[in-house]
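Enquirer: here is my input; please provide its structure:
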Amino acid sequence: MSARGRITLLYAYEKGRQPISKLLNERIYSCTLCGKCMKNCPLDIDIREIIYHARANLQESDKERRFLRYIMKLMMRSPNLIYKMYHFIYNNIFIEAIKEKINPFKIELPQKTFREKFNVITPQRKIGRIVIFSGCAINYIFPHIGESLIKILFKMGYEIIVPKGEVCCGTPFRTLGLENEAIKLAKKNVCLFNKLNAEAIISLCPSCTLTIKNDYPKLIGESINNIVDATYFLYNRMNIKLSEMKNVKILYHQPCHMKYGIGIENEPIELVKKAGYDIKLPREHKCCGFAGLFSLSFSELSNTILNECMNEYAKEDYDLISTTCPGCIIQLSKIINNKPVLHIVEILEDAI
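Expert: Just a heads-up that it's a prediction; the model follows:
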């Protein structure tokens with residue numbers, strides 16, 4: 001189950017020495033695609049891309065995730081309809097066991113999505129235009145995080161656009177081997193966002209940013225121009241006076257796709273320090289085990305990784321955990337009940 005082990009299995013499969021089997025599929029689909037192995041690889045091998053291609057080749061034989069693929073294809077056709085159906089079903093079901101199946105993370109979904117609530121926000125004195133790539137998690141689960149970003153950008157003097165036609169970045173589809181679907185989504189997003197004249201396209205999700213920056217050129221030969229992580233943009237452009245030092249200790253959880261994927265490490269920490277907070281990294285970086293659909297497909301392994309992460313964090317003294325990934329917020333909130341888990345832009349909004 002190491003990177004080298006998986007590559008060896010795939011080489012044997014390619015040469016006809018390793019037949020397709022349930023165990024082979026489990027080995028290939030159980031990779032979290034965190035990217036740590038690529039960061040450490042002396043030969044600079046694009047292991048994530050190899051795993052993606054392998055999953056595309058193995059999807060027909062992979063029965064374990066057949067239902068997940070079916071759901072994802074439904075969501076691709078009409079995500080807003082699925083969202084409204086979920087609301088109706090969940091609010092009208094009284095059997096807790098069924099609710100647990102529908103909502104394994106116990107997430108309270110808002111009545112309105114982020115893209116339903118916002119479109120164009122213009123300040124009196126405009127210094128430029130920013131477009132927000134909200135991503136599915138912000139749009140459907142955490143619109144308040146997107147709202148925090150809007151308030152910060154508005155205070156800075158930016159006009160903000162939230163495009164209605166945005167679709168999923170494609171990450172969940174690639175993780176299931178649905179390569180053709182991911183290509184269609186990538187083309188839609190590139191066509192939409194590259195028509196908009198903006199100083200930057202800002203994303204609140206490192207997985208979306210990584211997929212758009214790194215995967216789109218491989219999938220369709222182009223990407224969304226000027227896509228950038230929200231905290232990186234704010235670190236370089238923040239022009240607002242922030243409040244004084246606060247007596248709050250923050251532990252920063254580094255998302256894997258932020259650290260190993262897009263290579264942003266210190267900027268979010270320095271940004272929060274500018275806001276007057278005491279923030280630090282844990283002694284050892286740990287993956288939270290979310291990894292998108294991995295947490296559903298391999299729930300036991302996901303929870304094991306999460307518990308290892310929290311055992312490490314138990315050694316630290318902190319009042320709240322902050323991160324830059326909506327997925328990490330979902331995962332960490334499963335086990336942390338006594339302390340807040342916040343996106344960094346929420347902390348910055350509070351400082352303003």
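Enquirer: tell me how the chain divides into domains.
Expert: Here the domain parsing of the chain from automatic domain parsing is 3-61, 66-102, 114-235, 241-351.
Enquirer: weakest of those domains by average pLDDT?
Expert: Ranked by mean pLDDT, the domains of the chain end with domain 66-102 in last place, scoring a mean of 78.
Enquirer: highest average neighbour count across the domains of the chain?
Expert: The highest average neighbour count among the domains of the chain, using mean count of other CB atoms under 10 Å, belongs to domain 114-235 at a mean of 20. Any C-beta I mention is one placed from the backbone N, CA and C, and that applies to glycine too.
Enquirer: tell me which residues are up against the longest strand seen in the chain.
Expert: Counting by DSSP state E, the longest strand found in the chain is strand 128-133. Residues from elsewhere that reach strand 128-133 (CB atoms under 8 Å, 6 or more residues apart in numbering): 146, 149-150, 153, 157-163, 166, 169, 189, 193, 196-204, 208, 212, 224, 227.
Enquirer: which strands or helices does the very next helix or strand once past that strand pack on?
Expert: Once strand 128-133 ends, the next helix or strand along the chain (criterion: DSSP states H and E) is helix 135-140. Identification of packing neighbours for helix 135-140 by 3 or more CB pairs under 8 Å, 6 or more residues apart in numbering; DSSP states H and E yields helix 79-92, helix 114-117, helix 143-156, helix 326-333.
Enquirer: of these, which is nearest Ile28?
Expert: helix 326-333 (20.9 Å; CB to CB).
Enquirer: adjacent strands (with direction) for whichever helix or strand comes after that closest one?
Expert: Beyond helix 326-333 on the C-terminal side, the first helix or strand identified by DSSP H and E is strand 341-343. Sheet pairing of strand 341-343 (DSSP bridges) gives strand 320-323 (parallel).
Enquirer: show residues contacting the strand it pairs with.
Expert: Contacts for strand 320-323 (CB under 8 Å, 6+ apart): 248-255, 272, 279, 313, 329, 332, 336, 339-344, 347.
Enquirer: can you do 10 Å?
Expert: For strand 320-323, the external contacting residues (CB atoms under 10 Å, 6 or more residues apart in numbering) are 206, 248-255, 258, 268-269, 272, 277, 279, 282, 288, 310, 313, 328-329, 331-333, 336, 339-348.
Enquirer: kindly export it (C-alpha atoms) in PDB.
Expert: Once non-C-alpha atoms are left out, strand 320-323 reads as follows in PDB (Å, rounded to 0.1, in the frame of the first residue of the first chain):
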ATOM      1  CA  LEU A 320      -9.400  26.400  18.200                       C
ATOM      2  CA  ILE A 321      -8.200  24.700  15.000                       C
ATOM      3  CA  SER A 322      -8.000  26.600  11.800                       C
ATOM      4  CA  THR A 323      -7.400  25.200   8.300                       C
END
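Enquirer: just give me how far it sits from the chain centre.
Expert: 15 Å (CA atoms, centre = their mean, to the nearest Å).
Enquirer: didn't Arg18 look like it was pressed against Arg6?
Expert: Small correction: residue 18 is Gln, not Arg. No. Judged on CB atoms under 10 Å, Gln18 makes no contact with Arg6 at a distance of 11.4 Å.
Enquirer: touching both of those two, which residues are there?
Expert: Counting by CB under 10 Å, 6+ apart, the residues touching both Gln18 and Arg6 are Leu24.
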